[in-house]
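Q: return atomic coordinates for the entry below.
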Amino acid sequence: MSDNTSPQPTPTNSRLMLLGTLLVGVIATFVVLYALSNRPRNLATPVVDLSQNFDGVQPVNPPKQVQDFTLVSQNGNPISLSDYRGKMVLMVFGYTNCDDVCPVTLLQFKQIRQKLADKADKIAFLFISVDPQRDTPTVIGDYVKKFDPTITGLAGDAKVFDTIKNDYDLEFVQVPRDDGTAGTSYGISHTPNPFLIDASGKMVATYAFGTDLGLVVKDITSRMDT
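A: As a prediction, this is how the structure comes out:
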């Protein structure tokens, strides 16, 4: 008699991609809850709130002209925001010792670029460190390439931040680690949401942490087509 028990089918690539997407979603949800419960009271963390019919996409109307700035890239070269005129820029502020929001956001940057497919060359992705004390260009370069080598990392500068902080409502503050150690052992509570700059250098949208990637891609694509 033949054995009617057939072997279990192996997972397909599509199923693996689906599982990966679901895993990122679970991690993002956990990080949102963690950020809400642990952030200093003086820092607002915009997150998706379905109870308020807020899907996370925040258009800036009218578009806001932001100041140009120049920072040092992971390659040691000065890069200005105006260098990207003619293409869109999706940028976020963070730091390499971040153990929650930043890794999730950079992984999402990679996924957004992949979903944009042949339109990905119309947008640049920037990661700007708010931790000048520890994040040298080399450190930033090693960090961003773990996620996507097409992401440009920029070393922060306190004087530059003083100039542009009002454009982005930037807030960041050092937070002591739980072990109470001093010196270079600290976290930074910072503005977590990415900003979308259009090809003319104007801010046209921000995306709350936890926004569905499909909505982000849809919003970016719609602006590319206008």
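
Q: can you give me the buried ones in the longest strand belonging to the chain?
A: Assignment by DSSP state E gives strand 57-65 as the longest strand of the chain. Neighbour counts using 16 or more other Cβ atoms under 10 Å place 57, 58, 60, 63 of strand 57-65 among the buried residues. In short, each C-beta sits where N, CA and C put it, glycine included.

Q: next: stretch 167-186.
A: Neighbour counts over stretch 167-186 (16+ other Cβ under 10 Å) mark 168, 171, 172, 186 as buried.

Q: stretch 114-123 now?
A: By 16+ other Cβ under 10 Å, the buried positions in stretch 114-123 come out as 115, 116, 123.

Q: ditto for stretch 96-108
A: By neighbour count on 16+ other Cβ under 10 Å, the buried set for stretch 96-108 is 96, 97, 98, 100, 101, 102, 103, 104, 105, 106, 107, 108.

Q: and residue 85, how far is that from residue 145?
A: Using Cβ to Cβ, to the nearest Å, residue 85 is found at 25 Å from residue 145.

Q: ignore the last one, residue 187
A: Residue 187 is 23 Å from residue 145, by Cβ to Cβ.

Q: neighbour-wise, which of these two wins?
A: Neighbours were counted for residue 187 and for residue 145 using other Cβ atoms under 10 Å; residue 187 has more, 18 against 13.

Q: is the more buried one located within a strand, as I assumed?
A: Yes. Counting by DSSP: H, G, I helix; E, B strand; the rest coil, residue 187 is found in a strand.
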